[in-house]
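> coords please:
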Amino acid sequence: MIPNYLNSASLLADSVENNLYVQIVAQLEKDFGLANVSLELPYKVSPKNLKTILHQKVYHLMMERFTEYLNLLYIIDVPEKTIKDIQATDVVDISNEVTFLILKREFQKVWYKQKYA
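Next up, the predicted model:
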């Protein structure tokens, strides 16, 4: 059964521990590419830096390019209900929660691919 995480740090730590981190980075790059949103990740990006870069990108999309933001969520397949359930009122907090939801969904994709490949 796929684990349920409470935050990005525990998700990324577990992904490193289970050798899924590289696949998550690749899946993020693939899905951002499919959504025509540039995501420039340094080679061998650390989990902490990945979360920071992703959070900044999500915040930027929410503030400057909302249509691309919605398209990205659709491409990644983040459930609309989970977005609506976010309780935060500040854009920074909302973008942080959305970043976690994106990482969580990408982790699920990679986890299922590994388990059933």
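> For the rest of this, base every contact and every neighbour count on C-alpha atoms.
Will do.
> avg pLDDT for the longest helix seen in the chain?
The helix that spans the most residues within the chain, counting by DSSP state H, is helix 91-116. Confidence over helix 91-116, taken as the mean pLDDT, stands at 95.
> Stretch 44-60 too?
When pLDDT is averaged along stretch 44-60, the result is 96.
> Stretch 48-66: which residues count as buried?
Neighbour counts over stretch 48-66 (16 or more other C-alpha atoms under 10 Å) mark L50, K51, I53, L54, H55, Q56, K57, V58, Y59, L61, M62 as buried.
> which residues does the second one contact?
It stands for K51. If you count contacts by C-alpha atoms under 8 Å, 6 or more residues apart in numbering, K51 has them with S8, T99.
> ok, now how distant is it from V37?
17 Å (C-alpha to C-alpha, to the nearest Å).
> what does the last one give?
M62 is 12 Å from V37, where distance means C-alpha to C-alpha.
> Please state the offset of stretch 29-46 from the chain centre?
Its chain's C-alpha centre lies 11 Å from the corresponding centre of stretch 29-46 when counted by C-alpha atoms, centre = their mean, to the nearest Å.
> now do stretch 55-63
The gap between the average C-alpha position of stretch 55-63 and the chain average comes to 12 Å, counting by C-alpha atoms, centre = their mean.
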